[in-house]
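>>> no letters, just coordinates:
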């Protein structure tokens, strides 16, 4: 049944700050950029086995496994998944990211832990493990299963063209997509993405598109008087037209009081090693955020309609377009029992109800919800004042683990 006050106090008392911090530090110390999650998967596999969990190893592709650990309940309760991605946004070797918060090296002090991946989202994975340990130490048996799914390839990355291919570019729910197709499901799921302690009831999806212009391929010596035919110069006019379109999308894609957004994410064209030639093609890349209430087919049609308008407006520019990411958003009903459980747990730990939120970033809730797994994004803060890169307050991490533990007892039910 529902956990009583004594059970809740006992569970919270079993959360070990030092142990949680050690686990989070260990995870940060294992480099795991997208495409190279093997080492972290092996660490978690051994840890899950040590805790006596039922362990499943899912080989998503060579060198990229999901690892699932299940604390089995006694039966008769709902199952709760804690889902967390192992891959980090960066490798730690980027020359333009020098701060400690961008390195796979855990640093503690001043009441916080800093290092690549600790906020997004190794701290959450450590908190999930601490929930299991606290349940075991308190000898609390749940009716339903608690599932920890550590997955590869969540980060917003994708393959494109011939230049950007390989496992390091295969993100956008690559791991969770495999997970749910191969038995990794539960009645509901808490995703510990960094939400600043808010309950995220919905997040946007993403559509990525390329819009191109073409021009003659000629030597600089013979280009006099033909500058306006240059594909890059033509792309400037196309970009201006796209900028005119963006405000209409911002309004059309509004959701729960938040406007849609479009990012001009990249441009490509020409040959830096041979500037004596004009480029035959120039590319503009757009990240169009799509609300969860809008079908991706509608969003795709809107972007292709824009491309059609550009073709007609610039008939001699060889305008061409393609859509190469369609990752839908996700939402959960405010009256879902999982939301109520997190509400109550947050109130117990913090003394007040959590705020609600909408975010424009993508998460694995996108695929989980489409397999009937009601999913809430709820986690600690993503950044701290004056800290570059990733850092989390230890107190906040412990409190978040407490909310997870109480929510698990509420969702799964405590056996008599």
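It's in. Predicted model, so just to flag it, every value in this text is computed and none were measured.
>>> which ones are touching the residue positioned nearest the centre of the chain?
With distances taken as CA atoms, centre = their mean, residue 363 lies nearest the centre of the chain, 3.8 Å away. Counting by CB atoms under 8 Å, 6 or more residues apart in numbering, residue 363 makes contact with 154, 191, 193, 203, 330, 377. From N, CA and C alone the C-beta is placed, and that goes for glycine too.
>>> which among those gets closest to residue 82?
residue 191 (8.0 Å; CB to CB).
>>> and the closest one, what are its bridge partners?
Beta-bridge partners of residue 191, counted by DSSP bridges, are residue 83, residue 377.
>>> now render the contacts of residue 363 as CSV, adding distance to residue 8, pLDDT and neighbour count.
Listed next are these as CSV, based on distance: CB to CB, whole Å; pLDDT from 0 to 100; neighbours: other CB atoms under 10 Å:
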residue, distance to residue 8, pLDDT, neighbour count
154, 31, 97, 29
191, 23, 98, 27
193, 25, 97, 27
203, 29, 98, 26
330, 29, 98, 25
377, 23, 98, 26
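>>> now, which of the residues you listed sits nearest residue 414?
Looking across the contacts of residue 363 and measuring by CB to CB, the closest to residue 414 is residue 191, at 23.5 Å.
>>> how far away is the closest one from residue 137?
25 Å (CB to CB, to the nearest Å).
>>> residue 101 too?
32 Å.
>>> between the two, who's got more neighbours?
residue 101 (21 against 15; other CB atoms under 10 Å).
>>> what's stretch 325-340 in contact with?
80, 156, 158, 172-173, 188, 190, 199, 201-208, 290-293, 295-296, 299-300, 356, 362-363, 365-366, 368-370, 374-376, 407, 411.
>>> gap between that stretch and the chain center?
14 Å (CA atoms, centre = their mean, to the nearest Å).
>>> repeat for stretch 60-76
19 Å.
>>> quick one: terminal-to-terminal distance for it?
31 Å (CA to CA, to the nearest Å).
>>> need the contact partners of stretch 295-305.
Here stretch 295-305 has contacts from 205, 207, 209, 249, 252-253, 286, 288, 290, 321, 323, 326, 328, using CB under 8 Å, 6+ apart.
>>> where are the low-confidence patches of the chain?
Within the chain, the stretches with pLDDT under 70 are 1-2, 383-387.
>>> so residue 262 sits against residue 248, correct?
No - taking contacts as CB atoms under 8 Å, residue 262 lies outside contact range of residue 248: 10.2 Å.
>>> these two: who's more crowded?
residue 262 (20 against 12).
>>> and residue 121, how many neighbours?
Using other CB under 10 Å, residue 121 is surrounded by 29 other residues.
>>> what residues does the nearest residue to it once chain neighbours are set aside make contact with?
Leaving aside its sequence neighbours, residue 121 sits nearest to residue 84 (CB to CB, 6 or more residues apart in numbering; 5.1 Å). Contact partners of residue 84, counting by CB under 8 Å, 6+ apart, are 121-122, 124-125, 128, 148-151, 191-192.
>>> any chance of TSV for the residues you listed, columns distance to residue 349 and secondary structure?
Output for the contacts of residue 84, formatted as TSV (distance: CB to CB, whole Å; DSSP: H, G, I helix; E, B strand; the rest coil):
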residue	distance to residue 349	secondary structure
121	19	helix
122	21	helix
124	16	helix
125	19	helix
128	16	helix
148	20	strand
149	24	strand
150	24	strand
151	26	strand
191	18	strand
192	15	coil
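>>> buried ones among these?
Buried members of the contacts of residue 84, scored by 16 or more other CB atoms under 10 Å, are 121-122, 124-125, 128, 148-151, 191-192.
>>> in the protein, where's the longest helix?
helix 231-252 (DSSP state H).
>>> so after that helix, what's the next helix or strand?
strand 262-269 (DSSP states H and E).
>>> can you give me the buried ones in that following strand?
Neighbour counts using 16+ other CB under 10 Å place 262, 268-269 of strand 262-269 among the buried residues.
>>> just the helices in the stretch 51-200 of the chain please.
Under the criterion DSSP state H, counting those that start in this stretch, helices of the stretch 51-200 of the chain are mapped to 123-137, 174-181.
>>> okay, those in a markdown table with distance to residue 381 next?
Putting the helices of the stretch 51-200 of the chain into a markdown table (distance: least, CB to CB, whole Å) gives the following:
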| stretch | distance to residue 381 |
| --- | --- |
| helix 123-137 | 10 |
| helix 174-181 | 23 |
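>>> nearest to residue 30, of those?
Per CB to CB, nearest to residue 30 of these: helix 123-137, 11.0 Å.
>>> for residue 8, helix, strand, or coil?
helix (DSSP: H, G, I helix; E, B strand; the rest coil).
>>> so what's it up against?
Residue 8 sits next to 348, 406, 409 when contact means CB under 8 Å, 6+ apart.
>>> take those residues and keep only those in helices.
Using DSSP H, the subset of the contacts of residue 8 located in helices is 348, 406, 409.
>>> most neighbours of all those, which one?
Neighbour tally across those (other CB under 10 Å): the maximum, 27 neighbours, falls on residue 409.
>>> list the residues that contact that one.
Here residue 409 is in contact with 3, 7-8, 11, 135, 140, 142 (CB under 8 Å, 6+ apart).
>>> can we see that at 10 Å?
2-4, 7-8, 11, 77, 80, 131, 135, 138, 140, 142-143, 146, 341, 345 (CB atoms under 10 Å, 6 or more residues apart in numbering).
>>> which of those are buried?
Using 16+ other CB under 10 Å as the burial test, the contacts of residue 409 include 3, 7-8, 11, 77, 80, 131, 135, 138, 140, 142-143, 146, 341, 345 as buried.
>>> among the residues you listed, which two are most distant?
Pairwise over the buried ones among the contacts of residue 409, using CB to CB, the maximum falls at 138 and 341, 18.1 Å.
>>> ok, what's across the strand from residue 33?
Note on residue 33: beta-bridge partners by DSSP bridges are residue 88.
>>> correct me, but it touches residue 87?
Yes - Residue 33 lies in contact with residue 87 (CB atoms under 10 Å); the separation is 6.4 Å.
>>> just list the residues touching the nearest residue to residue 241 once chain neighbours are set aside, thanks.
Counting by CB to CB, 6+ apart, the nearest residue to residue 241 once its immediate chain neighbours are dropped is residue 310, at 5.9 Å. With contact set as CB under 10 Å, 6+ apart, residue 310 has these partners: 211, 213, 237-238, 241-242, 245, 317, 319-321.
>>> one more time with 6 Å
238, 241, 319 (CB atoms under 6 Å, 6 or more residues apart in numbering).
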